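J.: Generate coordinates for the sequence data below:
(2 chains)
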Amino acid sequence: MTDIFELLKGKGSEKQPVIVQGITGKFGTRHTKLMMEYGTNIVAGVTPGKGGQKFENSVPIYETVKEAIDATGAKISIMFVPAKFFLGAAKDALEAGIKLLIAIPEHVPVQDAMKTIELAKQKGAIMIGPNTPGVMIPDLIKIGIMPASPFKFGNVAVLSKSGTLLYEISNNLSTSGFGQCITLGIGGDPINGTRLIDAFDMVKDYPNLDGIVVVGEIGGDAEEVFAQKIIDEDFKKPIVAYVAGRKAPKEKRMGHAGAIVMGNYGSAESKIEMFSKANIPVAKRPVEVPILLAGKMEKK
Amino acid sequence: MRLLEYQAKELFKEYDIRVPESIASKDIESGRKDAEKIGYPFVIKAQVPVGGRGKAGGIQKCHNEDEFELKYPEILNMTIKGEKTRAILLEKMTEYEKEIYLSLFLNRSKRCYTVISSAEGGVEIESVKDQVIQEVGLGEVTEKVAKDVAQKIGLAENSIPHFVDILQKLSKLTVEKEAELTEINPLVILKDGSMMALDGKMMTDDNSNFRHKELAKYQEKTELEKKAEESGFSLVELDGNIAVIGNGAGLVMSTLDMLTDNGGKAACFLDVGGTATTESVYEALTLISKMKNVKAVLVNLYGGIVKTSIVASAFLKAYDDKIIVLPVFARLMGAESEKSKEMLKDSETKLSPSIEEAINNVVMEVNK
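T.: Alright, predicted model coming up:
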């Protein structure tokens, strides 16, 4: 298991270098600037056809990820490419030796995501996303599109399918005194490079971990499988969950490609039932999350 | 997208999966001609994008013209689980020995396709105990795997080759059309051991639509939903009277949940998305102004990358242009929310510090 914390923190005083694929696009440009402002060490960009140019007169742009890695030694790449070109760009990154791929694009076809995950497995790499807001360790590194203000450093891990709810709930946690050691967006797609259970494996052994907040939503069975894992591993630290979409109609996609209930598969009832079996309280409203977490911590 | 039975069956036919003779129609005049072609008796089947239509009376046998004149309009005008009948399928009755179940399904946690089959068909698969489940990676089913499944569900020798054939064709269809689910329930075994798909359900991956122009004719979107998609946000029309707008699918779902918990009924789910601009939000408000039955608007924004002031500007412009005439209740948090509140202070928008309060206010307003 790759240690995500080690990978994000880098060694010694040197900040971990990060490549941006699609750095010259409108979205890529904007978020690269915001990540740099946050202190993320962006060392190179990749845009086919624009190799040799510089981003903001400072960050060199390369034709391929291979060239970018050869020049910088980076192991992490964040992607802002259009969904249609996702598979090609992901292959470029993984074959060149990227170990952590943060896949921001929304609307990536399921088959392309599955093929990318296969390749990542072969190469011993991790993909977070697609359709993820990214991952961050507050006050240290932000590889994603989340705003800075909701997050404060602390000892709670937040794992979320939704972007905006990740911000909203992290903000609620921050203002209630629960900072975060890591916040990670699983993504709102049907197929995730890093599933909830994988994200749990990444954070469960973090030495100072005080608790975990899971922000789920209708669709699939990631929450159920997560709850089962908590039962199987007899994990004792406090966990609180939230599930969006309790009142959504069946068989309709609710904004996210993955947010759809088919029969009972993916229903909020099924998720809430499994959480309760695993003794994980589920907040009915986002503001209740820190209250439930505080309650869990007192009982401990 | 969720295909209707007759659409799934069109694809089944294309892939050489046997289906009963059937014709779909949308009005009784065409239906009468179809009835003549098929010949009595036949089955009248409501085409709705939701399960459980049999129990709701959406599938009925029809023996003669008198019955037809009565039942066709009755089923065409049905609403099943909130879904109006889209079309009517007239289908020749099939004599069969046994019903079984077969599907290919994308298992999201295992991140692979699974073949699900059972010797018990014609009922909801969730209620079936003896399911055979076989993981098949990216969806391709080999002859060996198909045979193995056939044996595990206990098929008779003379049916096994037919089952293998259908399963392999279903697999090809699933992979080529990029479906998340293809289901035949029931798949029936005829006297001679051969098989036929009596029903069909398919759910394709909307994100792969750009590679499947041939499926575009099945796309069922209202004018408003199409406009929304063009503007880069997602809209789901619902049957209540409060339009719900926000940024981020999770946040809007969460707002919908809390609104419903408090007795409100949503008229739509509208996510302006992560790349909203003043123009796109203005477009969203224009769409809402065209929706019938809307009595009030509920706005829930968590400003991050999309600043709340972008949304506030859109509202001001919409008030100026008289696009919004309905009462608006909003909660604005996050990036530039103070500035936005100042911008909207003299407008008709009623701002609340919490979403809970905004919801209480909007529910009171529509119940006035």
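J.: what about residue 37, which SS state?
T.: Here I'm looking at chain A. Per DSSP: H, G, I helix; E, B strand; the rest coil, the secondary structure class of A:Glu37 is helix.
J.: Please report the distance of it from A:Pro147.
T.: In this view, A:Glu37 and A:Pro147 are 11 Å apart by CB to CB, to the nearest Å. Placement of C-beta: from N, CA and C, glycine included.
J.: And A:Pro48, by the same measure?
T.: Noted for A:Pro48: a distance of 30 Å to A:Pro147, by CB to CB.
J.: looking at the sheet around the spatially most central residue of chain A, what are its partners?
T.: Compute the mean C-alpha point of chain A, and by CA atoms, centre = their mean the closest residue is A:Gly185, 2.7 Å away. Under the criterion DSSP bridges, A:Gly185 forms beta bridges with A:Ser160.
J.: Check A:Val65 and give its pLDDT.
T.: Here the pLDDT value assigned to A:Val65 is 98.
J.: Can you give me the neighbour number for the residue in the stretch 201-300 of chain A that chain B sits nearest to?
T.: Nearest residue of the stretch 201-300 of chain A to chain B (CB to the nearest CB) works out as A:Gly255 at 2.7 Å. Counted with other CB atoms under 10 Å in any protein chain shown, residues neighbouring A:Gly255 total 29.
J.: For it, list the residues it contacts.
T.: A:188, B:234, B:236, B:248-250, B:252-253, B:269, B:271 (CB atoms under 8 Å, 6 or more residues apart in numbering or on different chains).
J.: switch the cut-off to 6 Å
T.: B:234, B:249, B:271 (CB atoms under 6 Å, 6 or more residues apart in numbering or on different chains).
J.: B:Gly334 now?
T.: B:Gly334 makes contacts with B:302-304, as judged by CB under 6 Å, 6+ apart.
J.: cool, A:Leu173 as well?
T.: Contacts for A:Leu173 (CB under 6 Å, 6+ apart) come out as A:Pro290.
J.: Break the chain into its domains for me.
T.: Picked chain A for this. Following automatic domain parsing, chain A resolves into domains at A:4-128, A:149-299.
J.: my bad, the chain I had in mind was chain B
T.: According to automatic domain parsing, the ranges for chain B are B:21-92, B:98-213, B:223-366.
J.: And for the closest residue in space to A:Leu140 that isn't next to it in sequence, the neighbour number?
T.: Nearest non-adjacent residue to A:Leu140, counting by CB to CB, 6 or more residues apart in numbering or on different chains: A:Lys9, 6.8 Å away. Look at A:Lys9: counted by other CB under 10 Å, it has 15 neighbours.
J.: With A:Glu233 instead?
T.: Neighbour count of A:Glu233, defined by other CB under 10 Å: 11.
J.: any idea how far A:Gly211 is from it?
T.: 15 Å.
J.: about what we covered before: of the contacts of A:Gly255 - the most surrounded one?
T.: In the contacts of A:Gly255, the most neighbours by other CB under 10 Å go to B:Ala249, 31 neighbours.
J.: Poorly predicted segments of the chain, please.
T.: In the absence of a named chain, this looks at chain A. Residues of chain A that meet the criterion pLDDT under 70 lie in A:1-2, A:300.
J.: the helices in it, which residues?
T.: Listed in chain order, the helices of chain A (DSSP state H) span A:4-9, A:26-38, A:65-72, A:86-96, A:110-123, A:163-175, A:196-203, A:222-233, A:268-277, A:288-299.
J.: highest average neighbour count across those helices?
T.: Highest mean neighbour count among these (mean count of other CB atoms under 10 Å in any protein chain shown): helix A:163-175, with a mean of 26.
J.: Can I get the domains of chain B in TSV including mean pLDDT?
T.: Putting the domains of chain B into TSV (pLDDT from 0 to 100) gives the following:
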stretch	mean pLDDT
domain B:21-92	95
domain B:98-213	95
domain B:223-366	91
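J.: Please name whichever of the ones you listed is nearest to A:Pro281.
T.: Nearest to A:Pro281, of all these, is domain B:223-366, at 16.5 Å by CB to CB.
J.: Now do the same contact list for B:Glu283.
T.: Listed by CB under 6 Å, 6+ apart, the contact set of B:Glu283 reads B:Ser231.
J.: Revised request: answer the last question for B:Ser280.
T.: B:231-232.
J.: Can you list phi and psi of it for me?
T.: Dihedral angles of B:Ser280 (phi, psi; degrees, to the nearest 10) stand at phi -70, psi -30.
J.: Can you name the residues of chain B sitting close to chain A?
T.: B:2, B:50, B:108-109, B:111, B:126, B:178, B:205, B:207-208, B:234, B:236, B:247-251, B:253-254, B:256-258, B:260, B:271, B:302, B:304-305, B:335 (CB under 6 Å from any CB of the partner chain).
J.: nearest residue to A:Ile191 other than its sequence neighbours?
T.: Excluding its sequence neighbours, the residue lying closest to A:Ile191 (CB to CB, 6+ apart) is A:Ala113, at 4.4 Å.
J.: returning to that earlier point: of A:Pro48 and A:Pro147, who's got more company?
T.: A:Pro147 (22 against 16).
J.: Could you check how many residues crowd around the closest residue to that one other than its chain neighbours?
T.: Once flanking residues are discounted, A:Pro147 sits nearest to B:Gly304: 3.6 Å by CB to CB, 6+ apart. Counted with other CB under 10 Å, the neighbours of B:Gly304 add up to 26.
J.: can you give me phi and psi for B:Gly304?
T.: The phi and psi values for B:Gly304, taken as degrees, to the nearest 10, are phi -130, psi -110.
J.: close enough to count as contact, it and A:Ser149?
T.: No - if you go by CB atoms under 6 Å, B:Gly304 and A:Ser149 don't touch, sitting 8.1 Å apart.
J.: what's stretch A:224-235 in contact with?
T.: A:196-197, A:274-275, A:278, B:109.
J.: and which of those residues is nearest A:Ile117?
T.: B:Ser109 (12.6 Å).
J.: Surely the closest one is in a strand?
T.: No - applying three-state DSSP, one finds B:Ser109 to be coil, outside a strand.
J.: Tell me how far B:Ala276 lies from B:Lys169.
T.: Distance from B:Ala276 to B:Lys169, by CB to CB: 44 Å.
J.: can you check A:Glu251 too?
T.: Separation of A:Glu251 from B:Lys169 (CB to CB) stands at 25 Å.
J.: Give me the nearest residue to the residue sitting furthest away from the middle of chain A, chain neighbours excluded.
T.: Distance to the chain centre peaks in chain A at A:Gly52, reaching 30.8 Å (criterion: CA atoms, centre = their mean). Distances taken as CB to CB, 6+ apart place A:Ile61 nearest to A:Gly52, at 7.0 Å, with adjacent residues excluded.
J.: For burial, what's the neighbour tally of residue 178?
T.: Picking chain A for this. So A:Phe178, with other CB under 10 Å, has 22 neighbours.
J.: ah, I was thinking of chain B
T.: 21.
J.: correct me, but it touches B:Asp205?
T.: Yes - B:Glu178 is within contact range of B:Asp205, at 4.7 Å (criterion: CB under 6 Å).
J.: Please list all residues in contact with the residue nearest to A:Gly52.
T.: A:Ile61 is in contact with A:45, A:47, A:50, A:53, A:55, counting by CB under 6 Å, 6+ apart.
J.: Name the member of the residues you listed with the most neighbours.
T.: Highest neighbour count within those, by other CB under 10 Å: A:Gly45, with 26 neighbours.
J.: Return the residues in contact with the closest residue to B:Ala335 other than its chain neighbours.
T.: Closest residue to B:Ala335 apart from its sequence neighbours, by CB to CB, 6+ apart: B:Gly303 at 3.5 Å. By CB under 6 Å, 6+ apart, the contact set of B:Gly303 is B:334-337.
J.: For B:Gly303, what are phi and psi?
T.: phi -70, psi 130.
J.: contact partners of stretch B:30-41?
T.: For stretch B:30-41, the external contacting residues (CB under 6 Å, 6+ apart) are B:23, B:25, B:63-64, B:68, B:72, B:88, B:90, B:92-93.
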